[in-house]
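J.: Sequence plus the predicted model coming up.
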Amino acid sequence: MENNPNDSSRPDRKLMERNRRTQMKVLYSKLNSLLPHHNSRQPASLPDQLHEAAKYIRKLQMDLERVKEKKESLMRVEIWNDTMSRRINEPKSPEIQIHEMGSSLVIGLTTDTNSGRFIFNQTIGILHEEGAEIASASFSVVDDTVFHTIHLTVGHESAPDYWAAARISERLSKFVNDAGA
């Protein structure tokens with residue numbers, strides 16, 4: 001028998017391929033262990049596992065974006081609150097700031113104690129006319145200044161009405177500017 005150079009390399013290639021497959025199986029198993037599992041009694045096929053992993057990664061990316069937007073919005077509200085608290089001794093014409101977060105709005109309204117209740121009630125009336133759902137409303141009084149904060153949603157999470165947010169912003173801004181004149 002002749003010594004064929006291909007004979008010695010063939011088992012090496014088979015061994016290398018077996019090792020590669022074993023290593024890929026271990027890596028797929030690790031990836032699958034990181035995924036949330038729905039109570040499934042059958043092990044998912046490899047393509048299904050990869051599909052679920054890709055779907056889960058996309059969901060995590062969307063969740064991350066949503067959290068980033070919420071953080072940015074809350075930071076804007078924090079800056080607004082800081083700005084408003086510094087203006088305590090300034091003349092008290094009504095002011096409004098509106099921050100959009102998808103289908104949610106945060107409204108900051110600053111009034112004096114004399115006109116505060118009227119302007120707040122009118123603001124709530126406008127929000128109801130526009131079909132907004134008020135999640136919470138609060139106020140604090142410092143000297144003769146009232147700081148109102150209103151959290152609301154327009155439309156539904158599944159079908160937000162972005163035009164409603166623009167209409168509400170426009171109507172409230174016009175109302176507060178007219179009330180301050």
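T.: Nice, I can see it.
J.: Every contact and neighbour count from this point should use C-alpha atoms.
T.: Will do.
J.: any idea how far the residue positioned nearest the centre of the chain lies from residue 36?
T.: The centroid of the chain falls nearest to residue 66 when counting by C-alpha atoms, centre = their mean (2.6 Å). Counting by C-alpha to C-alpha, to the nearest Å, the gap from residue 66 to residue 36 is 20 Å.
J.: Please apply the same query to residue 63.
T.: Residue 63 is 15 Å from residue 36, by C-alpha to C-alpha.
J.: my guess is residue 169 is in a helix, correct?
T.: Yes: applying DSSP: H, G, I helix; E, B strand; the rest coil, one finds residue 169 inside a helix.
J.: The nearest residue to it once chain neighbours are set aside pairs with what?
T.: Distances taken as C-alpha to C-alpha, 6 or more residues apart in numbering place residue 98 nearest to residue 169, at 6.6 Å, with adjacent residues excluded. Using DSSP bridges, the beta-bridge partners of residue 98 come out as residue 107.
J.: Share the number of residues neighbouring residue 98, please.
T.: Residue 98: 21 surrounding residues under other C-alpha atoms under 10 Å.
J.: Which residues lie in contact with it in this structure?
T.: 105, 106, 107, 108, 169 (C-alpha atoms under 8 Å, 6 or more residues apart in numbering).
J.: Just name the closest of the residues you listed to residue 176, please.
T.: Proximity of the contacts of residue 98 to residue 176 (C-alpha to C-alpha) peaks at residue 169, which lies at 10.6 Å.
J.: any idea how far the closest one is from residue 163?
T.: For residue 169, the distance to residue 163 - C-alpha to C-alpha - is 10 Å.
J.: same deal with residue 138?
T.: Distance from residue 138 to residue 163, by C-alpha to C-alpha: 25 Å.
J.: now do residue 116
T.: The value you get for residue 116 to residue 163, if C-alpha to C-alpha is used, is 28 Å.
J.: Neighbour count for these two, which is higher?
T.: The neighbour count for residue 116 versus residue 163, taken as other C-alpha under 10 Å, is higher for residue 116 (19 against 12).
J.: so the residue nearest to the more buried one when sequence neighbours are not counted, which of the three states?
T.: Counting by C-alpha to C-alpha, 6+ apart, residue 116 lies nearest to residue 146, which is 6.5 Å off, once chain neighbours are set aside. Three-state assignment for residue 146 (three-state DSSP): strand.
J.: How many residues are close by residue 152?
T.: 17.
J.: gap between it and residue 93?
T.: Noted for residue 152: a distance of 24 Å to residue 93, by C-alpha to C-alpha.
J.: Residue 145 now?
T.: With distances taken as C-alpha to C-alpha, residue 145 is found 10 Å from residue 93.
J.: who does the host helix or strand of residue 138 pair up with?
T.: Assigned by DSSP states H and E, residue 138 belongs to strand 133-142. Here strand 133-142 has these sheet partners by DSSP bridges: strand 145-153 (antiparallel).
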